[in-house]
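Engineer: 3D model of this:
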Amino acid sequence: MQTTTDHKATPSSTPGAAAVATHEVKDYAAWKKVFDEHAATRTRSGILGTHINRAAENPNLVSLYLAAKDAASLHAFLGSEDLKATMRHAGVQGAPSIAFVTPVEDMAVRDRPLPGAVAKLRVADYDTWKKAFDSHGATRAKAGIVGHAINRGVDDPNAVVLYLQANSADQLKAFLASQDLKDTMAKAGVEGAPQIAVVQGAEWGP
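Structural biologist: Predicted coordinates:
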C-alpha cells in the first residue's frame, strides 16, 4: 500500500473487492494480538490489506476494512471455518456486520493515525452524487478534511460507503454537523439520513 510522506492524500490503486466488517470485541488489545498473528493466513487467502478503525465512543467496537484481489477470495476467506475459530479465540462478541463493497477511489492518508468517519448513505444517482462530492473538495479541505475513500455497494451501486479523515476530531465533527454539508448532500441526491460513525483510525496493514 502507498504511504504518504508529505501529509497530503495521494491516490492509491483500488483492490478488486473489499468488505467492511464491524464487530465488538471483549478486549481490544487481546483481539489485536490474535489479529496480528493471523496476518499470514489473510495474505495466503488473497487479502491484500486491512485498515482498523475503533469507534470514538466505544474503543472495543472495531470497524475493519478488508481489501482483496477479487470477490471470490474475499467471500471464501470471510466464510472460512478458520476465520470463525480465530474470531472466537480473539474475543469477538456476536456475529459481525459485513458490508461487501466495490472500491472506487482511495485518497486516504496512511502515514499517521487520524480521526475518521465512516458514512453509509444511499444516493438517487451515483454519478450525480460523485460530481457534487468532487465539487465540494475545496470546502472539505478548508474544513480540515485531509483524506477520503469511496466504495459502492456490491448489491446496490447507489449505496455509498464513504470514509473521511481529518487532522482532529473537533474538525471532523464540525464538518459533519455543518449546514453546508447538509445542503450539499441534499443537492447531491442523498436519500434519507446517512449512517455516520465517528472513529479513530489505527493501523494499515496486511
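Engineer: how about low-confidence regions in this structure?
Structural biologist: Scanning the chain for pLDDT under 70 picks out the ranges 1-10.
Engineer: what domains does the record give for it?
Structural biologist: The chain breaks down into these domains under automatic domain parsing: 17-102, 103-205.
Engineer: Walking through the protein, point out its helices one by one.
Structural biologist: 28-37, 39-44, 71-78, 81-90, 126-135, 137-142, 169-177, 179-188 (DSSP state H).
Engineer: Centre of the chain to the second one, how far?
Structural biologist: Same thing as helix 39-44. 20 Å (Cα atoms, centre = their mean, to the nearest Å).
Engineer: Mind listing residues that contact it?
Structural biologist: For helix 39-44, the surrounding residues in contact (Cβ atoms under 8 Å, 6 or more residues apart in numbering) are Thr50, Leu66, Phe77, Asp82, Thr86, Gly205, Pro206. Bear in mind the C-beta positions are built from the backbone N, C-alpha and C, glycine included.
Engineer: got it, and the third one?
Structural biologist: In this structure, residues lying in contact with helix 71-78 by Cβ under 8 Å, 6+ apart are 16-19, 21, 42, 45-47, 66, 68, 83, 98, 100, 154.
Engineer: residue contacts, Gly46?
Structural biologist: Ala68, Lys69, Asp70, Ser73, Leu74, Ala76, Phe77.
Engineer: before we move on, the earlier item: how about the contacts of helix 39-44, which pair is most distant?
Structural biologist: The span of the contacts of helix 39-44, defined through Cβ to Cβ, is set by Asp82 and Gly205 at 18.8 Å.
Engineer: can you pull the contacts of the closest residue to Ala197 other than its chain neighbours?
Structural biologist: In this structure, Ala197 finds its nearest non-sequential neighbour in Val118, 4.8 Å apart by Cβ to Cβ, 6 or more residues apart in numbering. By Cβ under 8 Å, 6+ apart, Val118 lies in contact with Val20, Asn53, Ser63, Val161, Leu162, Tyr163, Ile196, Ala197, Val199.
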